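> dropping a prediction and its sequence here:
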Amino acid sequence: MTAKLLVYILVMAGVTYLVRMLPLMVFRRKIRSRYVQSFLYYVPYAVLGAMTIPAVFYATGSVISASVGLAAAFVLAFFGKSLIVVALSASAAAFAAELIIGAVK
């Protein structure tokens, strides 16, 4: 293992530790501000959406089939279907769209 690689690993370990440790050190007491509480409540959903939505459009062979799968997922999730039903149906919709796109070409 080279020294450069070891430095990279140590820096990333330090950064990871700081990101996890700082909130515990800064927010020792219960947060009483309703604004901050509501902000922190939505942070995980915003981060998950920011990571997931762009990846959806690169998961298939075309943006059209990805959009069909995403639309199917949104509709089923809106109507309160379970996660497994949403995931399987969105995958099936994207697969069917790919088959249709392949047949048209």
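On my side now, so go ahead. Residues are numbered from 1 along each chain as shown.
> how's the protein carved up into domains?
Per automatic domain parsing, the domain ranges recorded for the chain read 1-30, 33-104.
> show me which positions of the shortest one end up buried.
Which is domain 1-30. Residues of domain 1-30 include none that count as buried (16 or more other C-beta atoms under 10 Å). Glycine gets a C-beta too; all of them are placed from N, C-alpha and C.
> I'd like the distance from that domain to the chain centre, please.
Distance of domain 1-30 from the chain centroid (C-alpha atoms, centre = their mean, to the nearest Å) equals 22 Å.
> one more: stretch 50-59?
7 Å.
> okay, now the unreliable bits of the chain?
For the chain, residues meeting the criterion pLDDT under 70 lie at 1.
> just the helices from it, written as ranges.
Assignment of helices within the chain using DSSP state H yields the ranges 3-26, 34-56, 63-78, 83-104.
> deepest of these, which one?
helix 63-78 (a mean of 17; mean count of other C-beta atoms under 10 Å).
> who does that helix touch, helix- and strand-wise?
Under the contact definition 3 or more C-beta pairs under 8 Å, 6 or more residues apart in numbering; DSSP states H and E, helix 63-78 sits against helix 34-56, helix 83-104.
> is it possible to get TSV of those that adds distance to G69?
Below are the helices and strands packed on helix 63-78 laid out as TSV (distance: least, C-beta to C-beta, whole Å):
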stretch	distance to G69
helix 34-56	7
helix 83-104	3
